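Novice: I would like to see how this sequence folds:
(one chain, ligands or ions: 1)
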Amino acid sequence: MPSTVLITGGNGRTARQLIDTLLNHPDCPNLRVLVRPQGVETLKQAYPLLSSPPHSIVQADYMDETNLVPIFQNVSIVVHNGPSIHQNEAAMAISVIEAARKAGVGFFLLCSVLHPMRSKLVTHKLKLIIEEYLVESRISYCIVQPTHYMQNVSLGHVLRTGKIPLGYSELVEQGFVDLCDFAMVLRLIISDPMKHNRATYEIVGENKTYQEVATILQNAMGRDVQCEVINPPKYIAMLKEGNVIQNEYAEDAMERIIVYHNRWGLTGNSNVLRWLLNAEPRGWKKYAMDMLSDV
Ligand SMILES: NC(=O)c1ccc[n+]([C@@H]2O[C@H](COP(=O)([O-])OP(=O)(O)OC[C@H]3O[C@@H](n4cnc5c(N)ncnc54)[C@H](OP(=O)(O)O)[C@@H]3O)[C@@H](O)[C@H]2O)c1
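Specialist: Numbering: from 1, shown residues only. So this is what the prediction gives:
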């Protein structure tokens, strides 16, 4: 195991799953978790272990490269996962990569997205810029490209209402990965980084339509479950209300996601994930059965 692993976006969903996975493993490296100043207390409360050595919580904004460099000193691996849908996402990642380079970080693990070449999606196009910058940074690296997390579907909501709210068709195949499987992959890479140097891994658990997901959840929950396809303007309005969409860039990016997923879906192949895990990825049936006791 490397000595110190710095995880960015500490209050984000991916980072939290990774922190859980690492802390719950006997061979946990020293964790340095980066959050914005306003996120420190939330993270401390969620993970009291991070407040004392050998772990630590550090504060900075991705855009503040000068402050990042001292924070990245003596770090063996940086794990970076950017914000969801942000106009400055590429600039933020480049600032983090530059700080890692200046601080002499040995390895950079980038969480990207499946098929960044799907350039009709602006969120994917930005990831391509970030991947290119990292590959040319001269830092040893690995890029992991997950498709949608199964955890995007709130099982609690489905159990209460019998509905899976969607902004696009329930009949188009989509790619899914269990966030726990994804965090396990990140842990495996962290435990032996140079084995994965210069690799790019597509991370897909299985492809299913939401109609099929609804049937699986219906059987697992023992209650009627239907997809609730909401028309795009109403769906966007709901996301604005929930503060998920905060500006016109995000609104445009989300509209493109809806149109894209209505036609193609973000599907892929699960061979790489199976090989990395050395086990069958968790599909919807197993995920639903395992998770329902926790809802
Ligand atoms: N959700 C999926 O199914 C999925 C699948 C594949 C790939 N992805 C990719 O994964 C990424 C999002 O992952 P996620 O769901 O873990 O995201 P998330 O929960 O939204 O977390 C993003 C984190 O970034 C932090 N952040 C934002 N701006 C920052 C700044 N200027 N300086 C420092 N920190 C900043 C946020 O901090 P605060 O907590 O302070 O706001 C937040 O904790 C996106 O790039 C997305 O494309 C997502």
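
Novice: contacts and neighbour counts: CA atoms only from here.
Specialist: OK.

Novice: Near the ligand, which residues of the protein? Just list them.
Specialist: Residues of the chain lying near the ligand by C-alpha under 6 Å from any ligand atom: 9-15, 35-36, 39, 61-63, 81-84, 112-113, 146-149.

Novice: are any of those residues buried, and which?
Specialist: 9-11, 14-15, 35, 61-63, 81-82, 112-113, 146-149 (16 or more other C-alpha atoms under 10 Å).

Novice: Which pLDDT value does the model give Val295?
Specialist: As predicted, Val295 sits at a pLDDT of 57.

Novice: Same check on Ser84?
Specialist: On pLDDT, Ser84 comes in at 85.

Novice: can you confirm it is in a strand?
Specialist: No. According to DSSP: H, G, I helix; E, B strand; the rest coil, Ser84 belongs to no strand; its state is coil.

Novice: any idea how far it is from Thr14?
Specialist: 11 Å (C-alpha to C-alpha, to the nearest Å).

Novice: so where's this protein shaky on pLDDT?
Specialist: Within the chain, the segments meeting pLDDT under 70 span 1-2, 294-295.

Novice: What are the boundaries of the helices in the stretch 151-295 of the chain?
Specialist: Assigned helices in the stretch 151-295 of the chain, in chain order: 155-161, 179-191, 210-221, 232-241, 248-263, 271-277, 284-292 (criterion: DSSP state H, counting those that start in this stretch).

Novice: out of these, nearest to Gly104?
Specialist: helix 179-191 (17.1 Å; C-alpha to C-alpha).

Novice: List the buried residues in the closest one.
Specialist: So helix 179-191, judged by 16+ other C-alpha under 10 Å, has buried residues 179-191.

Novice: can you pull the buried residues of stretch 222-229?
Specialist: 225-227.

Novice: which residues touch that stretch?
Specialist: 158-159, 162-170, 210-211, 214-215, 217-218 (C-alpha atoms under 8 Å, 6 or more residues apart in numbering).

Novice: so how far is that stretch from its chain's centroid?
Specialist: 26 Å (C-alpha atoms, centre = their mean, to the nearest Å).

Novice: Equivalent analysis for stretch 243-256, please.
Specialist: 18 Å.

Novice: likewise stretch 147-167?
Specialist: 17 Å.

Novice: Counting neighbours, which bits of that stretch end up buried?
Specialist: Neighbour counts over stretch 147-167 (16+ other C-alpha under 10 Å) mark 147-150, 155, 158-159, 162-167 as buried.

Novice: Would you enumerate the residues in contact with the closest residue to Pro37 other than its chain neighbours?
Specialist: Take Pro37 and drop its neighbours on the chain: the residue closest to it by C-alpha to C-alpha, 6 or more residues apart in numbering is Gln59, 5.3 Å away. Each residue near Gln59 by C-alpha under 8 Å, 6+ apart is listed here: 34-37, 40.

Novice: so where do the strands sit in the stretch 1-150 of the chain?
Specialist: Ranges of strands in the stretch 1-150 of the chain, per DSSP state E, counting those that start in this stretch, are 4-7, 30-35, 56-59, 77-81, 107-111, 140-146, 148-149.

Novice: Is it possible to get a markdown table of these that adds distance to Asn24?
Specialist: Below are the strands of the stretch 1-150 of the chain laid out as a markdown table (distance: least, C-alpha to C-alpha, whole Å):
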| stretch | distance to Asn24 |
| --- | --- |
| strand 4-7 | 15 |
| strand 30-35 | 13 |
| strand 56-59 | 16 |
| strand 77-81 | 18 |
| strand 107-111 | 20 |
| strand 140-146 | 22 |
| strand 148-149 | 21 |
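
Novice: Restricted to strands, list the buried residues of stretch 222-229.
Specialist: Counted as lying in strands by DSSP state E, out of the buried residues of stretch 222-229, are 226-227.

Novice: ok, so of the buried residues of stretch 222-229, who is nearest Glu241?
Specialist: Checking the buried residues of stretch 222-229 one by one against Glu241 (C-alpha to C-alpha), the nearest turns out to be Cys227, at 21.2 Å.

Novice: Please state the offset of stretch 46-65 from the chain centre?
Specialist: Put simply, stretch 46-65 sits 19 Å off its chain's centre (C-alpha atoms, centre = their mean).

Novice: repeat for stretch 27-40
Specialist: 16 Å.

Novice: And it, what's buried?
Specialist: 28-35, 40.
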